[in-house]
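S.K.: My questions are about this predicted structure, shown below with the sequence.
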Amino acid sequence: MASPDRLREAIRARTFPSELRGDVMPLVRSVVDGGGESVLGVLFFGSRRTQASPDSWSGYDLFVLTREYREFYRSLRSAGALRRSPSVVAALNTILPPNQISVREAGESPALAKCAVISLATLLRETSLRRRDHFCVGRLFQPTEVLYARDAATAESLLDALVSAHRATLSWVRPWLPDTFDVETYCRTLLRVSLGREIRPEPEGRSDALWLAQKDYLAAVYDIVLGDLATTGELRTTGAGIYALARRVSAAERLRTTAYFRRSMLRATERWLKYMITFDDWLEYIVRKARRHSGEDIVLTQRERRLPIVFLWPRVIRYLRHKGPKAK
């Protein structure tokens, strides 16, 4: 039999930190205090979490799990942490979850949290085989920390989502796996394929940098994942620690997986348009991100600052879609 409990406990041991990080916890407190009773949990992920070459402009990436969107945004607005209309932002969150919002630590600190706001029920769906796109699984198959859970039941639900995101990796990476592979090759392929299908550009070698930064976690956890998949018949072993697909990738599966990533890219583009409303100071943030990832200086004209939706957006899209070689 497969060992889901073993996988669950391996992820639990690496996801619920024994000592909470002092650098991010003030931001988490700002989110929880500002969002009030509607906040169910906070997950910490991304370059600040893994220390995979973050720069001084890198924000802290958080998933914020809520009970009810409108209640959450009303509470943030009352706390002075949201400039937009709570009803409008909540409606956008319902249409195309998650929203991205910015929350700063209380006081004059420049620390910024980039919060992906999503309901717990939606997170559970979006880390399962019923997901609508790659946004959640593309982030949560990597190291994550649960920095806040309202109660024990919520903590277990968050762990459910993380376990599911890890086990679902085979469903989207199969067409790109070599004939035989070990844990390292599997994880490197996951990173390369997932990053290659993001709307934002990543510098050359980013997947390799992420592997080096995350390998202790990835190697330990995906050793269990691959062993379980071999036990259930999805994979077959060809040697010690060496695996192969138990069934070949059909042409129809390749088409479905390609369509899945194209749909994800379309939905990601739509989210970027939505962030102009939900993310405070989005213009400066997106320019810094495009400059950071493209390596090119970006100077906005007065016309672009005055009417960014008309004059800046096509330019930003070109920057965001500029990538190195795509995953093969």
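M.R.: Structure's in. What do you need?

S.K.: Is it correct that Arg271 is in contact with Asn93?
M.R.: No. Using CB atoms under 8 Å, Arg271 is not in contact with Asn93; the gap is 10.8 Å. Where you see a C-beta, it was placed from the backbone N, CA and C, and this is true even at glycine.

S.K.: okay, those two: which has more neighbours?
M.R.: Asn93 (23 against 20; other CB atoms under 10 Å).

S.K.: buried set for whichever helix or strand that one is part of?
M.R.: Assessed by DSSP states H and E, Asn93 sits inside helix 86-95. Buried residues in helix 86-95, defined by neighbour count with 16 or more other CB atoms under 10 Å: 86, 89-90, 92-93.

S.K.: and Leu65, helix, strand or coil?
M.R.: Here Leu65 is strand, with the state taken from DSSP: H, G, I helix; E, B strand; the rest coil.

S.K.: Might you report the residue contacts of it?
M.R.: Leu65 makes contact with 39-43, 118-120, 123, 154, 158 under the criterion CB atoms under 8 Å, 6 or more residues apart in numbering.

S.K.: Any figure for the gap between it and Arg84?
M.R.: In this view, Leu65 and Arg84 are 20 Å apart by CB to CB, to the nearest Å.

S.K.: Might you list the low-confidence residue ranges for the stretch 201-328 of the chain?
M.R.: The stretch 201-328 of the chain contains residues with pLDDT under 70 at 201-204, 281-298, 304-328.

S.K.: Which residue ranges of it form helices?
M.R.: Counting by DSSP state H, counting those that start in this stretch, the stretch 201-328 of the chain has these helices, from start to end: 206-231, 251-278, 282-294, 302-306, 313-321.

S.K.: And the stretch 1-150 of the chain, by the same measure?
M.R.: Going by DSSP H, counting those that start in this stretch, the stretch 1-150 of the chain shows helices at 4-15, 25-35, 47-50, 69-78, 86-95, 120-126, 137-140.

S.K.: Could you identify which of those has the lowest mean pLDDT?
M.R.: Mean pLDDT values for those show the minimum at helix 47-50, a mean of 87.

S.K.: What would that helix look like as CSV? C-alpha coordinates only.
M.R.: Written as CSV, here are the backbone C-alpha positions of helix 47-50 (Å, rounded to 0.1, in the frame of the first residue of the first chain):
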residue,chain,number,x,y,z
SER,A,47,12.1,33.3,-2.6
ARG,A,48,12.1,34.9,0.9
ARG,A,49,11.0,31.6,2.4
THR,A,50,13.7,29.5,0.6
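
S.K.: Contacts made by that helix with the rest, please.
M.R.: The contact list for helix 47-50 (CB under 8 Å, 6+ apart) reads 23-24, 53-54, 58-61, 142-145, 210, 213-214.

S.K.: which of these sit farthest apart?
M.R.: Greatest spacing in the contacts of helix 47-50, by CB to CB: Asp23 and Leu210 (19.9 Å).

S.K.: quick one: which of these two has more around it?
M.R.: Leu210 (25 against 10).

S.K.: which residues touch that one?
M.R.: Applying CB under 8 Å, 6+ apart, one finds that Leu210 lies in contact with 50, 52, 142, 191, 195.

S.K.: Equivalent analysis for Thr258, please.
M.R.: Taking CB under 8 Å, 6+ apart as the test, what Thr258 contacts is Pro175.

S.K.: got it, and Asp179?
M.R.: Ala244.

S.K.: surely Tyr73 meets Ala81?
M.R.: No. Counting by CB under 8 Å, Tyr73 does not reach Ala81; the two are 9.6 Å apart.

S.K.: Taking the centroid of this protein, which residue is nearest it?
M.R.: Ranked by distance to the mean C-alpha position of the chain (CA atoms, centre = their mean), the top residue is Arg139 at 2.8 Å.

S.K.: Please report the distance of the residue lying closest to that one once chain neighbours are set aside from Val117.
M.R.: By the measure of CB to CB, 6 or more residues apart in numbering, the closest residue to Arg139 outside its immediate chain neighbours is Phe45, 5.4 Å from it. Distance of Phe45 to Val117, given as CB to CB: 14 Å.

S.K.: again with Thr127
M.R.: Thr127 is 16 Å from Val117, where distance means CB to CB.
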